[in-house]
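>>> Fold the following and give me the result.
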Amino acid sequence: MQLAHTLTAVARRNITMMKRYLFNTVSALISVYMVFCLAFFGMKAFAAASASRALDGTFEGTIVGFFVWTLAIFGYSGLSWELINEAQTGTLEQLYLSPAGFKWVCTFNLMVDFLVNVAAAVVFLFAMMATTGRWLNLDVASIAPLLIVTVLGAYGAGFALGGLALVFKRIQAFFQIVQFAFIGCLVIPWRIPWARFLPLSMGNGLIYRVMAEGKRLWELPAADVLTALAVGAAYLAVGLAVFSTCERAAKARGLLGHY
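Take a look at the predicted model:
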């Protein structure tokens, strides 16, 4: 019951904050959409200039990649931004007084953010498909589990960055490095053996096969799905370990009450 009350309180707070600062949320989506438009129309102009259809197959990949990347950047930055804001407003220590425990508050915050981010990413996905004229297969029963498996690594990065935010407070500049690192994970072909162990890479490839090639979840190689799950779970575990280590360091150095 205690956890249920905590989850309800976190959900109510996050929804209230999103409604209060809706302009900022919409602006973030518009900025990502503008980046996508620059990438898509640049590729289209290059294909027209070369009088070749060689890039046709990459348009669907660009849509899927941006869809996954959007969920990833929203996912990993959510917790760290939340901790930075709590530290700035002086309410971070109050979260540690929650009867459910601070880690459960963070976990519920990520769960609520995930549902909100998925809704925003779906709107973004339809905008991309309408812009490109490429309508992909939206098999929810197949895509939903793969999305969860894929973003596990991103949320692992979110826990790690959240831990760093407890110690170093201002880490916004480091977000840019992580964003570019995730782009690299999505661009590198997942069929390269070592690329399978990068965050997002394997899951992105499986989602592409569902959305662009019309595959069903049970038609995908079980070994590939299990690999994506194992990689995502491993990065999540590493992120939790980094968060716990940084949390202990912040407590030992008395940093929770200072910004």
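>>> Just the element for residue 157, please.
helix 140-168 (DSSP states H and E).
>>> Next SSE downstream of the longest helix anywhere in the chain?
Criterion DSSP state H: the longest helix present in the chain is helix 56-89. For helix 56-89, the following helix or strand on the C-terminal side (DSSP H and E) is helix 92-95.
>>> Not counting that following helix itself, show me its contacts.
83, 86, 102, 105, 256, 257 (C-beta atoms under 8 Å, 6 or more residues apart in numbering). From N, CA and C alone the C-beta is placed, and that goes for glycine too.
>>> hmm, back to that, can you list the helices and strands that the longest helix of the chain packs against?
helix 22-49, helix 92-95, helix 102-132, helix 140-168, helix 172-187, helix 201-211 (3 or more C-beta pairs under 8 Å, 6 or more residues apart in numbering; DSSP states H and E).
>>> Give me the angle between the longest one and helix 201-211.
Computed with axes from the mean of the first three to the mean of the last three C-alpha atoms, to 10 degrees, the direction of helix 102-132 lies at 40 degrees from that of helix 201-211.
>>> Show me what the mean pLDDT comes to for the helix holding residue 157.
Mean pLDDT, helix 140-168: 88.
>>> Report the buried residues of it.
Buried residues in helix 140-168, counted by 16 or more other C-beta atoms under 10 Å: 142-143, 146-147, 149-166.
>>> same thing with stretch 175-189?
For stretch 175-189, using 16+ other C-beta under 10 Å, the buried residues are 178, 182, 183, 185, 186.
>>> got a markdown table for those, with pLDDT and distance to residue 213 too?
Supplementary listing: the buried residues of stretch 175-189 in a markdown table, determined by pLDDT from 0 to 100; distance: C-beta to C-beta, whole Å:
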| residue | pLDDT | distance to residue 213 |
| --- | --- | --- |
| 178 | 84 | 29 |
| 182 | 86 | 23 |
| 183 | 82 | 23 |
| 185 | 84 | 21 |
| 186 | 83 | 17 |
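>>> Under the pLDDT cut-off, which ranges of the protein? List them.
1, 44-57, 257-259 (pLDDT under 70).
>>> Can you pull up the most central residue in it?
Geometric centre of the chain, nearest residue: residue 72, 1.9 Å, by C-alpha atoms, centre = their mean.
>>> What separation is there between that residue and residue 173?
Distance, residue 72 to residue 173, by C-beta to C-beta, to the nearest Å: 18 Å.
>>> next one: residue 223
Residue 223 is 39 Å from residue 173, by C-beta to C-beta.
>>> now swap in residue 105 and tell me
26 Å.
>>> More neighbours: the two, which one.
residue 105 (18 against 7; other C-beta atoms under 10 Å).
>>> what's near enough to touch that one?
6, 10, 95, 98.
>>> The first one touches residue 106, doesn't it?
No: with contact defined as C-beta atoms under 8 Å, residue 6 does not reach residue 106; the gap is 10.8 Å.
>>> Who has more neighbours out of these two?
Neighbour tally, residue 6 and residue 106, criterion other C-beta under 10 Å: the higher count belongs to residue 106, 23 against 19.
>>> Quick check: phi and psi on residue 100?
phi -80, psi -20 (degrees, to the nearest 10).
>>> Residue 109 versus the residue lying closest to it once chain neighbours are set aside, what's the distance?
Closest residue to residue 100 apart from its sequence neighbours, by C-beta to C-beta, 6 or more residues apart in numbering: residue 6 at 4.1 Å. For residue 6, the distance to residue 109 equals 10 Å [C-beta to C-beta].
>>> Tell me, how many residues neighbour the residue nearest to residue 145 when sequence neighbours are not counted?
Counting by C-beta to C-beta, 6+ apart, the nearest residue to residue 145 once its immediate chain neighbours are dropped is residue 217, at 6.4 Å. Residue 217: 16 surrounding residues under other C-beta under 10 Å.
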